[in-house]
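Asks: quick check, what structure comes out for this input:
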Amino acid sequence: MRIKSNHRCLAALRLQVHLAKLGVIVAMLMWTTSCQKAIDVTSHVQQVDWGYEVKNGPDVWGKLSPEYSLCSVGMHQSPIDLVNPTPTELPAITFNYQPTSLEIRHTGHTIEVGYPAGSDVGSWLEVDGTRYQLLQFHFHTPSEHTVAGELFDMEMHLVHKSEEGTLAVLGVLIEKGSENAAFNPIWAHLPTVPGEAKRVESVTFNVEDLLPSARNTYRYEGSLTTPPCSEGVNWFVLTTPIEMAETQISAFAAIIHRNNRPVQPLNGRELLIDVAE
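Replies: Prediction:
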């Protein structure tokens, strides 16, 4: 957008010189004003883009665009501090994840791994009679959810969607520890430039291998943790974290620097935790 504006301005300046020779001063002023307005509009569009810096971070998301208003005024926002949950016998979650080739991209805000949709088998989780297809998973550093106020080194979000359009996100907390070999096929192909995408047919992995064996969860109703902060999202955060080596965590942090939204008020919502073993 800026390049096109600059070309128009250069053309305008050439015309200004020609017109100046003819003494058409009014036309010069009109062209100059037009170019200045084009530059101003471009700058305004750039400022709307959200991020994690002071100028475009979580504290001001709701002011960047009317579409992001829930980020400021929503009452059921995520993430939250996972503290004092109510132990409850909750419907079991059925996990059905299948192997897939690697589709990975740098979104500018995170590293996202896509799961192909529409396959014969599909990858999904099912809870209380509703099946949610896995769309993609991505990462935040440090974690977005906290446990009794404590941050983890990273957090992985598996984003699912039902046929009715309802979202369910499985959150996996990640702490520093032993090397996690299940992530190596992905970490070997981390894109480093915003907008960069890779499809690596030779790499096959299964998201099932990235999860802990214990599958108890915290559960609550929340939102997306990034703009537009849409609400009505079913959150399932595993109570058991997984480990990654410091070198694995550092490799991600070297590309994506602090992309976590601070915890939001619970505002009277129920926070539940499985009691089943």
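
Asks: hmm, Glu175 is touching Glu243, no?
Replies: Yes. At 5.9 Å, Glu175 counts as touching Glu243 under the criterion of Cβ atoms under 8 Å. For the C-beta atoms, the positions are set from N, CA and C on the backbone; glycine is no exception.

Asks: please name the bridge partners of Leu125.
Replies: Beta-bridge pairing of Leu125, defined through DSSP bridges, involves Phe95, Tyr132.

Asks: count of neighbours near it?
Replies: A count of nearby residues for Leu125, using other Cβ atoms under 10 Å, gives 20.

Asks: quick check: it touching Tyr115?
Replies: No. Using Cβ under 8 Å, Leu125 makes no contact with Tyr115, being 11.9 Å away.

Asks: shared neighbours, those two?
Replies: Common neighbours of Leu125 and Tyr115 (criterion: Cβ atoms under 8 Å, 6 or more residues apart in numbering): Leu134.

Asks: could you look up the SS state of Val63?
Replies: To be clear, residue 63 is Lys; Val isn't right here. Using DSSP: H, G, I helix; E, B strand; the rest coil, the structure places Lys63 in helix.

Asks: ok, it - contacts?
Replies: Taking Cβ under 8 Å, 6+ apart as the test, what Lys63 contacts is Ser72.

Asks: show the pLDDT at it.
Replies: On pLDDT, Lys63 comes in at 96.

Asks: then Trp31?
Replies: pLDDT, Trp31: 32.

Asks: this structure: helices as residue ranges?
Replies: For the chain, applying DSSP state H gives helices covering 2-22, 25-48, 61-64, 70-73, 184-187, 246-253.

Asks: please point out which parts of the fifth one sit buried.
Replies: Applying a neighbour-count criterion of 16 or more other Cβ atoms under 10 Å, the buried positions in helix 184-187 are 186-187.

Asks: in terms of secondary structure, what does that helix contact?
Replies: Secondary-structure packing of helix 184-187 (3 or more Cβ pairs under 8 Å, 6 or more residues apart in numbering; DSSP states H and E): strand 100-106, strand 197-205, helix 246-253.
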